[in-house]
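Engineer: Fold the following and give me the result.
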Amino acid sequence: MGRILTEKDVEAAVKGGSVYAAGGGGWADHGRMLGYAAVSIGKPELVSIDELDANDWVATAAAIGAPASTTPWEMRGVDYVKAVELLQEALGEKISALMVGQNGKSSTLNGWLPSAILGTKVLDAVGDMRAHPTGDMGSIGMAGSPEPMIQTAVGGNRDENRYIELVVRGATAKVSPILRTASDMSGGFIASCRNPLRASYVRKNAALGGISLALTLGEAIIAAESKGGGAIIDAIVKTTKGVILAEGVITGKSVVYTKEAFDIGTVTLGKGDDSTVLHIMNEYMAVENAGGTRLATFPDVITTLSPEGEPLSVGQLQVGMKIFVLHVPKTVIPLASSVLDPSVYPSVEKAMGIELAKYALSPSP
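Structural biologist: Numbers count the residues shown, from 1 in each chain. As a prediction, this is how the structure comes out:
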């Protein structure tokens, strides 16, 4: 029997999801909006893969884009529901459950509202424990697949006539950029439902248990809140089985927004021999010390925390702020097949100008 998600789970999902957002992952308020709407309107149900039949259809509910406060984005809860309905129409069959491509400030909750309204289950599985810059990284092995997939996108700024509904079919690698373009045209953030796959495939390829891990982390954070920032950081480290890799004051930030809807650049902590560099593409993708030695690389979880224990997104970081860098090695988290797929790395390495695959695909950190 699944777990009915209730009001108390919303804040836990947002708070746990915010840590796994790894510096990206949308907006906490958007996550709360989706969660509270879902639990007030119906009974979203979280189920494990064991509760599905092997042939049940599972699709991925996602939000696409890197919405800056400067972009005219608008995304409503109904957009996520409509995206699922369009996918079901195109597929000609019912979707039994929705997974998400990644945890995040709102993405952990992407499947809740369709569950409450349409009855699709919220599957306790993610395409990646943490947030990542490209859809391919959470596509559970479909990135390089020639198999035609269906992807839908819904949303946009209504006042500016940017609202879009889109249904595309084709190999994932060819249609994913279309959805990213639609996101940009809609105002920078759009709801999507994509890649319907059988539960038997998802079982082998997704990061199973990813939603409940985020909920457990959120519950630990909430339990520590009355004791202050230090206690929250301790609770995060203990619950994630991570370490604080670095702490210090931000001395440099060089991040640019590209027309492909990515934030790319670096953030530097400290000075001279004690400095640490965070490499960014929407999220924190790698950490190096002053000598250029790699300390952490995606799919490790890399997150910045304020002294109050609040996970900070890249956009919130400013020179002069003190931050803590959390590192959860990939060896202690469930990994989906997509983060172990060599084909998802070249485009990101090219955009960032650093090596990732050789670290990401090696067995040790």
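Engineer: give me every residue that touches Ala63.
Structural biologist: For Ala63, the contacting residues are 26, 30, 75, 106-107, 110, 189-192, taking Cβ atoms under 8 Å, 6 or more residues apart in numbering as the criterion. (C-beta placed from N, C-alpha, C; glycine too.)
Engineer: ok, which stretches of the stretch 151-300 of the chain are strands?
Structural biologist: Chain-ordered strands for the stretch 151-300 of the chain, with DSSP state E, counting those that start in this stretch as the definition, fall at 164-171, 190-198, 207-208, 243-257, 263-269, 276-281, 283-289, 294-297.
Engineer: quick one, which of those strands is nearest to Ser183?
Structural biologist: Counting by Cβ to Cβ, Ser183 lies closest to strand 190-198 out of these; the figure is 4.2 Å.
Engineer: The closest one pairs with which strands?
Structural biologist: Neighbouring strands of strand 190-198 in its sheet, by DSSP bridges, are strand 57-64 (antiparallel), strand 148-155 (antiparallel).
Engineer: Next, the angle strand 164-171 makes with it.
Structural biologist: Between the axis of strand 190-198 and that of strand 164-171 there is an angle of 30 degrees, by axes from the mean of the first three to the mean of the last three Cα atoms, to 10 degrees.
Engineer: What residues of stretch 50-61 count as buried?
Structural biologist: Within stretch 50-61, the residues that count as buried by 16 or more other Cβ atoms under 10 Å are 51-52, 56-61.
Engineer: ah, wrong one, I meant stretch 92-102
Structural biologist: The neighbour-count criterion (16+ other Cβ under 10 Å) identifies 95-102 as the buried residues of stretch 92-102.
Engineer: Skipping adjacent residues, who's closest to Glu225 in space?
Structural biologist: Taking Cβ to Cβ, 6 or more residues apart in numbering, and ignoring the residues beside it in sequence, Glu225 has Ile232 as its nearest neighbour in space, at 6.3 Å.
Engineer: what residues are up against that neighbour?
Structural biologist: 221, 224-225, 308-309.
Engineer: so which of the residues you listed is the most crowded?
Structural biologist: Across the contacts of Ile232, neighbour numbers were computed from other Cβ atoms under 10 Å; Ile221 holds the maximum, 25 neighbours.
Engineer: where do the helices sit along the chain?
Structural biologist: Counting by DSSP state H, the chain forms helices over residues 7-20, 28-41, 77-91, 112-118, 172-186, 199-205, 210-224, 229-240, 346-352, 357-360, given from the N-terminal end onward.
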